[in-house]
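In: test case, fold it:
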Amino acid sequence: MFSKILIANRGEIALRIIRACHELGVKTVVVYSEADRDASYVQLADEAICIGPAAPAKSYLNIPAIISAAEITDVDAIHPGYGFLAENAHFAEVCADCGIAFIGPAPESMRLLGDKVAARKLVEKAKVSVVPGSKDALENEDEAVALAGKIGYPVIVKAAAGGGGRGMRVAHNDISLRSGYNLAKAEAEVAFGDATIYLEKFIVEPRHVEVQVMADNDGNVLHFFERDCSIQRRHQKLIEESPCPIIDDDTRQKLCKSAIRIIKEASYVNAATVEFLLDKDKNFYFIEVNTRIQVEHPVSEMVTGCDLIKMQLQVASGETLQLKQKDIKLNGVAIECRINAEDPARDFAPCPGKVEKFIVPGGMGVRVDTHIYQDAVVSPYYDSMIAKLIVHRPTRAEAVTTMKRALGEFKISPIKTTIPAHMKILTHHRYLENSVDTSFIEQHLG
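Out: Next up, the predicted model:
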């Protein structure tokens, strides 16, 4: 096991990693921007180094500054968390060149699975269904229109290097496809520095279901069952739960085994999430692999009792996974609500500022992952998520009831948060009846 690691991230994930490290006897170093000088994780890490101003490009995305901090503090490894540099293959290569372990996959695996076109080809080789679409990157809008004529509208154009909903446009006819193609291409160039675009059939009223996996250097791959992430707004998830409430055990096994085949085909090591769309007939189609730990990993931890961050550290240090698949049992239901500093009444506009009241819920089956505290300041420079509220109960009905109770206890002011929106979702009859899809927010909550 490593003796000391650097955490190249901020917020609740930095604190989550610190806790896992300290339980394993691993010392921690955090890097922070000037805006995060008073953050809770800065106080709880063994060492902390300021790496620049608030702007991410000058701090959390500043590879030379992060590597310098790692070398000064003599760490064995770097954990990238999620976001920022977590899926940056170049950063992983720089770590390797400097003799620092990267707690994540190899750069080659990251590039392979991060390229959506290459990933589709790999998945087809693994004999897993993909959404019908382009085999290769599209050369121009005429090629996109011709392919859409073959597979039928609606279609969706996507950035090959995309993620987080950027570089994506849905089209229902030739005119909207031509416009969407050019908009997606321009957005992809700005967001990822890569304007490569491909096209897929747009699955109507799908559910978004993903499988959590972990792989070691000896070829062992485990799954931790699936999460339903269908409650999302503009491709950004709001609520996640495990297990998916509408699939049976047979479909679950097929889904999870498909995820494992993909990871093995890619010779992948460490944590990953394999994402699928589930249609009305419960057919599932691969969409992408996220080559990092995800925001919603706690729901998988709660229903399996496995600490995924500790497992990341163990695998990255060269240890073999001690668990066998038969040891991982699905126990109860877990739901996670992302608490964002946003105002639902103003189209979820960001709401940074000082937190003057912060009362955290508790009780049986309640977990809160957060770096916020009373008098903390929510910065306008970073992602608006300030907490994750997770509940774990024996049944879905009990989990929903506990979540509503916990949301009612969670007091954050004067800034606005997504708590009222979560309350509306959890009391909506379609959510309670398991009759939702990825368009639920737009269709039913405006």
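In: nearest spatial neighbour of the residue sitting nearest the centre point of the chain, chain-adjacent residues omitted?
Out: The residue lying closest to the centre of the chain (Cα atoms, centre = their mean) is Gln294, at 3.3 Å. What sits nearest to Gln294 in space, not counting adjacent residues and going by Cβ to Cβ, 6 or more residues apart in numbering, is Thr273, at 5.1 Å. Where C-beta positions appear, they are placed from N, C-alpha and C, glycine not excepted.
In: quick one: the helix or strand hosting that neighbour to chain centroid distance?
Out: In this structure, Thr273 sits in strand 270-278 according to DSSP states H and E. Taking Cα atoms, centre = their mean, to the nearest Å, one finds the center of strand 270-278 at 10 Å from the center of the full chain.
In: tell me the angle of the helix or strand that that strand is followed by relative to strand 270-278?
Out: Scanning forward in sequence from strand 270-278 by DSSP H and E, the next helix or strand is strand 284-290. For strand 284-290 against strand 270-278, the angle by axes from the mean of the first three to the mean of the last three Cα atoms, to 10 degrees is 150 degrees.
In: now for the strand holding Thr273, which elements pack on it?
Out: strand 207-215, helix 249-265, strand 284-290, helix 308-316 (3 or more Cβ pairs under 8 Å, 6 or more residues apart in numbering; DSSP states H and E).
In: average pLDDT across the first one?
Out: Okay, so that is strand 207-215. For strand 207-215, mean pLDDT is 98.
In: partner strands of it, with direction?
Out: strand 221-233 (antiparallel), strand 270-278 (antiparallel) (DSSP bridges).
In: any chance of these in a markdown table with mean pLDDT and distance to Asn331 as columns?
Out: Output for the strands paired with strand 207-215, formatted as a markdown table (pLDDT from 0 to 100; distance: least, Cβ to Cβ, whole Å):
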| stretch | mean pLDDT | distance to Asn331 |
| --- | --- | --- |
| strand 221-233 | 97 | 10 |
| strand 270-278 | 97 | 20 |
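In: what stretches of the protein score poorly on pLDDT?
Out: 163-164, 446 (pLDDT under 70).
In: mind giving me the domain split of it?
Out: 4-87+96-103, 132-201, 207-444 (automatic domain parsing).
In: chain center to the last one, what's the gap?
Out: On the basis of Cα atoms, centre = their mean, domain 207-444 sits 8 Å off its chain's mean C-alpha point.
In: from start to finish, how long is that domain in a straight line?
Out: Its start and end residues considered, domain 207-444 measures 16 Å (Cα to Cα, to the nearest Å).
In: same check on the shortest one?
Out: The stretch domain 132-201 measures 6 Å between its terminal residues, going by Cα to Cα.
In: that older thread, so which of the helices and strands packed on strand 270-278 comes closest to Ala86?
Out: Proximity to Ala86 (Cβ to Cβ) singles out strand 284-290 among the helices and strands packed on strand 270-278, at 9.0 Å.
In: name the helices or strands packed onto the helix or strand that the closest one is followed by?
Out: Scanning forward in sequence from strand 284-290 by DSSP H and E, the next helix or strand is helix 297-304. Secondary-structure packing of helix 297-304 (3+ Cβ pairs under 8 Å, 6+ apart): strand 221-233, strand 236-242, helix 308-316, strand 333-340, strand 366-370, strand 385-393.
In: tell me which of the ones you listed lies nearest to Glu265.
Out: The nearest among these, by Cβ to Cβ, is strand 221-233 at 10.4 Å.
In: just the angle between that closest one and strand 333-340, please?
Out: Going by the same axes, to 10 degrees, strand 221-233 makes 50 degrees with strand 333-340.
In: tell me how many other residues surround the spatially closest residue to Leu44 that is not a sequence neighbour.
Out: Excluding the flanking residues, the one nearest Leu44 by Cβ to Cβ, 6+ apart is Ile18, at 5.6 Å. Close neighbours of Ile18, defined as other Cβ atoms under 10 Å, add up to 24.
In: what do you get for the one 3 residues further on?
Out: Residue crowding around Cys21 was assessed by other Cβ under 10 Å; the count is 24.
In: likewise for Met168?
Out: Neighbours around Met168, by other Cβ under 10 Å: 21.
In: quick check: phi and psi at it.
Out: With angles defined as degrees, to the nearest 10, Met168 sits at phi -130, psi 140.
In: isn't it up against Ala159?
Out: Yes - between Met168 and Ala159 there is a contact under Cβ atoms under 8 Å: 7.0 Å.
In: so for stretch 365-373, what gets flagged as buried?
Out: Residues of stretch 365-373 classed as buried: 365-372 (neighbour count, 16 or more other Cβ atoms under 10 Å).
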